[in-house]
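> What follows is a predicted protein model with its sequence.
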Amino acid sequence: MGWYFVGDHRRAEEALLQSDRLAPGDREVRLHLARICLQDAAVHLWRIDEECHHTRIPKSEELVEKAVEYLKDVEPSGPESDDLDILSARAYRLWAGRDYASLHRLCRTTLGRHSGKMGSEEFWFLLSIAERTRRQSLQALRQALERRPHYPEALCLLGGMKGRSNLQGALADFSAALRISPYYEKAFLGRALIRGQLQDWKGMLADLTEAVRLNPADWAAISYRGWARVHTGDREGAMADFSEATRLRPDAASPFYYRGTLREREGELRLALSDFDEAIRRNPRMTDAYNNRGVVHTRLGNIAHALADYDIVHLYCSRHPGSYSGRGQVLARMGLWQRCLIETERALVAGTHFPNETVYKSVAFYDRGLDLYGLGWDNPVPALTEALLRNPAYYEAFAFRGAARFQRGDRLGALHDYLLAWGLAPAEYKRGKPQIKNVIDHMLRSK
């Protein structure tokens, strides 16, 4: 179990499988195999939003399925057994079977009898999975860490839960887990996702590259790495990662979703539409895929299809800000600017309570700038500035603010914004929007 204690779960699993081949059906080996899969699954579970709980996390489901197989021959004996290993096996079987009510009862009963015993911290960890509310889960994880401060799996799950509201705290938890277990792939993956929310794309890419090095078959890490490469300007690397992720897991929706998003940004709308269709076919409840497909339909002028997609987003997740901002974009195309502004304000309110609040609020402020411009109000600059305060890498907001400043006669401010937009996304403007470079060149020549 040496690899397990330094966090290299892949090599630990390989060693345990070798032991299982030499001694088939060994209960302890099978239990450790299931433990590895389910602890890794927990790192993915925190990404499910509390209200939009319908979203499937395929990587987590894949790991749970593996755990079920490992536990198939593990038959705990003695219904009232006080052996923590037997109780642990029973608890992991309940988790693998998604019987959270029974898992909760078993953990509470075990902790009532054995709270001071070595190994009881694992039942606090398991209890955090079974608790119904985020607050109760956090309390259980803190109890686990109080009893075992160097508990990397608990630190990762705690970091994941903090990631909804405390990004810096989450970053610290994942980093602490990696100091304890420097080969823990899921800790690299979790920290990468937090860095993505902080717009630290280079840091995200570095963590995901390390995660893939530790486990070259982790299609989820490869898919996320592709998204990080999109933001660092490596389009070819991103497309290669999306293709590799779909090869490793053909039924996964996220690689198609990310590739579709990239293609939509580059103006390849028909190809983007096809990718979003594929993502939805694989995961019919993937709200972000519906939302982005609605954006593509809007740009193609398919207003009825766009509104239908935004309605589905609202149906599955009533507080998803994308459904409001998307409808606002449709209304803008119809010239209904006042109604458009109302939808944008609703998106701002919804964004306040959404996990990726900063991202969605920056988009909503950008939309507000568009709405004000469409209404004929001559100063959308404050709304665009609010968008940029929340997302300093929002190059479209810099470009739009540059245009607004130019129209108001602020040529120096316009040039500054255009140069920042170009610096943030040179490949984007070279490929799909070369006119901004022409504007910059003209302004520099006439300065």
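Sure, I can see it.

> how many other residues sit next to Phe242?
Phe242: 26 surrounding residues under other C-beta atoms under 10 Å. (Glycine included, C-beta is placed from N, CA and C.)

> in this protein, which spans are strands?
Taking DSSP state E as the criterion, the chain contains no strands.

> Can you give me the domain assignment for it?
The chain is divided into the following domains under automatic domain parsing: 259-318, 330-384, 394-447.

> If you average pLDDT over each of those domains, which is lowest?
Here the lowest mean pLDDT among the domains of the chain goes to domain 330-384, at a mean of 61.

> Thought Cys107 was touching Ala130, still the case?
Yes: between Ala130 and Cys107 there is a contact at 6.2 Å, judged by C-beta atoms under 8 Å.

> If you count surrounding residues, which of the two has more?
Cys107 (26 against 22).

> which ones are touching the more buried one?
Ala91, Phe123, Trp124, Leu126, Leu127, Ala130 (C-beta atoms under 8 Å, 6 or more residues apart in numbering).

> 7 Å instead?
Cys107 sits next to Ala91, Phe123, Leu126, Leu127, Ala130 when contact means C-beta atoms under 7 Å, 6 or more residues apart in numbering.

> For those residues, give me CSV that also has pLDDT and distance to Glu268.
Listed next are the contacts of Cys107 as CSV, based on pLDDT from 0 to 100; distance: C-beta to C-beta, whole Å:
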residue, pLDDT, distance to Glu268
Ala91, 77, 49
Phe123, 84, 51
Leu126, 80, 46
Leu127, 86, 48
Ala130, 82, 45
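
> Just these: which are in helices?
Ala91, Phe123, Leu126, Leu127, Ala130 (DSSP state H).

> I'd assumed Thr109 was in contact with the second one.
In other words, Phe123. No: using C-beta atoms under 7 Å as the test, Phe123 is too far from Thr109 to be in contact (9.4 Å).

> more neighbours, those two?
Phe123 (26 against 13).

> where exactly do the helices run in the stretch 151-300 of the chain?
All helices of the stretch 151-300 of the chain, identified by DSSP state H, counting those that start in this stretch, fall at 152-162, 167-180, 185-197, 201-214, 219-231, 235-248, 254-265, 269-282, 287-300.

> closest to Tyr394 out of those helices?
helix 219-231 (11.7 Å; C-beta to C-beta).

> okay, the angle between that closest one and helix 235-248?
160 degrees (axes from the mean of the first three to the mean of the last three C-alpha atoms, to 10 degrees).

> Show me what helix 219-231 is packed up against.
Using 3 or more C-beta pairs under 7 Å, 6 or more residues apart in numbering; DSSP states H and E, the elements in contact with helix 219-231 are helix 185-197, helix 201-214, helix 235-248, helix 254-265.

> I'd guessed Lys186 sits against Cys156; true?
Yes: using C-beta under 7 Å, Lys186 is in contact with Cys156, at 6.0 Å.

> With adjacent residues omitted, what lies nearest to His150?
Spatial nearest neighbour of His150, chain neighbours left out: Ile180 (4.9 Å); criterion: C-beta to C-beta, 6 or more residues apart in numbering.

> Could you measure from the one you found over to Gln143?
Note on Ile180: its distance to Gln143, by C-beta to C-beta, to the nearest Å, is 18 Å.

> again, but for Ala91
16 Å.

> The two - which one has more neighbours?
Ala91 (26 against 19).

> quick one, what contacts that one?
So Ala91 contacts Leu103, Leu106, Cys107, Phe123, Leu126 (C-beta under 7 Å, 6+ apart).

> Report pLDDT for the third one.
Here the pLDDT value assigned to Cys107 is 88.

> same thing with the first one?
In the predicted model, Leu103 carries a pLDDT score of 85.

> my read: it touches Leu94, true?
Yes: here Leu103 reaches Leu94: they are 4.1 Å apart, a contact under C-beta under 7 Å.

> Give me the spatial nearest neighbour of Gly190, chain neighbours excluded.
Per C-beta to C-beta, 6+ apart, closest to Gly190 is Phe174, 4.9 Å.

> Give the burial count for Met333, as a bare number.
To be clear, residue 333 is Arg; Met isn't right here. For Arg333, using other C-beta under 10 Å, the count is 14.

> what's the spacing between it and His320?
21 Å.

> For stretch 231-241, buried residues please.
Residues of stretch 231-241 classed as buried by neighbour count (16 or more other C-beta atoms under 10 Å): His231, Asp234, Arg235, Gly237, Ala238, Met239, Asp241.

> dump the residue contacts of the fifth one.
Pointing back at Ala238 there. Ala238 touches Gly226, Arg229, Val230, Leu262, counting by C-beta under 7 Å, 6+ apart.

> Repeat the analysis, applying 6 Å as the threshold.
Gly226, Arg229, Val230 (C-beta atoms under 6 Å, 6 or more residues apart in numbering).

> will you turn the residues you listed into a markdown table that also has distance to Val295 and neighbour count?
A markdown table is the format used below for the contacts of Ala238 (distance: C-beta to C-beta, whole Å; neighbours: other C-beta atoms under 10 Å):
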| residue | distance to Val295 | neighbour count |
| --- | --- | --- |
| Gly226 | 20 | 27 |
| Arg229 | 22 | 25 |
| Val230 | 16 | 24 |
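
> one step back: nearest to Asn291, of the contacts of Ala91?
Leu103 (33.7 Å).

> thinking that closest one is in contact with Ala130, fair?
Yes: in this structure Leu103 lies within contact range of Ala130 using C-beta atoms under 6 Å: 4.3 Å.

> okay, now Glu146: neighbour count?
11.

> How much space separates it from Ser120?
11 Å.

> And Thr133, by the same measure?
22 Å.

> hmm, back to that, okay if I get the helices of the stretch 151-300 of the chain as CSV plus distance to Tyr395?
Supplementary listing: these in CSV, determined by distance: least, C-beta to C-beta, whole Å:
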stretch, distance to Tyr395
helix 152-162, 29
helix 167-180, 22
helix 185-197, 17
helix 201-214, 13
helix 219-231, 11
helix 235-248, 15
helix 254-265, 10
helix 269-282, 19
helix 287-300, 17
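
> any weak-confidence spans in the stretch 51-200 of the chain?
51-83, 85, 96, 116, 164 (pLDDT under 70).

> One more pass at 50, please.
51-57 (pLDDT under 50).

> if I read this right, Ala177 contacts Cys156, doesn't it?
Yes: counting by C-beta under 6 Å, Ala177 touches Cys156, with 5.0 Å between them.
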